[in-house]
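In: Structure here, sequence nowhere to be found:
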């Protein structure tokens, strides 16, 4: 292993090269690492998902990361926008360590939105790892290679949210090929953002229906027990209309005009209702204009958010 400041180059067959990565049929000859390379030997779970994540996908990613840390498991991700960054941030906020596998050189932060996450991961005992030499800029062909390492590092890969087609499938395929556990959370059959996870479940992935199911799955895979249970705030203060809207949106994000039609109210009344819910932090507006439950509402509303 070659060391320079906080930079390490770990070659296949050398001490410190993760045995899990060596199981890959075409294992990378060198891993470029910043931070604490010993973190690569932690019991870990890879949490991946859509870059264009909905509030549901973000909430699921955060829940899985927090529960993993509370079970003594290190979180691995690719540092991408959406589910990856949500999982990494939640892991660090819960006091855990985070391993980020980049498709660039380990000293090149991409996307730029991951910069703070990378800095915090390094400051808190985690590491950044890459297959590419120092200084390598983003290249499209590098990311599928990166995904193979994400899958190989962990005993299980957790897919929070994925449409079809999705880049998460290359990671899932590697996990399957290596005999790793594949875990996925179902979504509405009407939500295109959940087609990928629903497909994985239909083809044998472990289906997580609530927080307790994930806790049991982690206990089975890692032989560990969760030591701390968090509690989410409630949405009990909503009136009947607010509860009705939230109930509809949990099934699938909707456009304001569709909500108005389902609620049998005019457009102005619907916009007033949605504005009130948005100010209260109960719903949020997606980039395509659809309305979705907020992350905090999802945590509070369902058993996927807290143990009762």
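Out: It's in. Small disclaimer: the values here were computed from a predicted structure and weren't measured.

In: can I see the domain layout of this structure?
Out: Per the record, the chain has its domains at 2-222, 240-301, by automatic domain parsing.

In: how long is stretch 17-28 end to end?
Out: Criterion Cα to Cα, to the nearest Å; first-to-last residue distance in stretch 17-28 is 10 Å.

In: For the chain, just list every one of the helices.
Out: Counting by DSSP state H, the segments of the chain that form helices are 19-22, 55-70, 83-93, 115-123, 142-153, 168-177, 195-202, 211-222, 240-251, 256-263, 267-279, 295-301.

In: helices or strands next to the longest one in the packing?
Out: Helix 55-70 is packed against strand 44-48, strand 74-77, helix 83-93, helix 211-222, strand 291-293, helix 295-301, with contacts defined by 3 or more Cβ pairs under 8 Å, 6 or more residues apart in numbering; DSSP states H and E. The way it works is simple: take the backbone N, C-alpha and C, and place the C-beta from them, glycine included.

In: hmm, 6 Å instead?
Out: Helix 55-70 sits against strand 44-48, helix 83-93, helix 295-301, with contacts defined as 3 or more Cβ pairs under 6 Å, 6 or more residues apart in numbering; DSSP states H and E.

In: just the third one next, same as before
Out: Packing partners of helix 83-93 (3+ Cβ pairs under 6 Å, 6+ apart): helix 55-70, strand 74-77, strand 98-105, helix 115-123.

In: Kindly compare burial across those and name the winner.
Out: Between the helices and strands packed on helix 83-93, the one whose residues have the most neighbours on average, counting mean count of other Cβ atoms under 10 Å, is strand 74-77 (a mean of 29).

In: Need the mean per-residue confidence for that one.
Out: In this model, strand 74-77 has a mean pLDDT of 98.

In: what does that strand contact?
Out: Counting by Cβ atoms under 6 Å, 6 or more residues apart in numbering, strand 74-77 makes contact with 42, 44, 46-47, 65, 68, 84, 87-88, 91, 97-99, 150, 153-154, all of which sit outside it.

In: what two of those are the furthest from one another?
Out: Comparing every pair within those by Cβ to Cβ identifies 42 and 84 as the most remote, at 17.8 Å.
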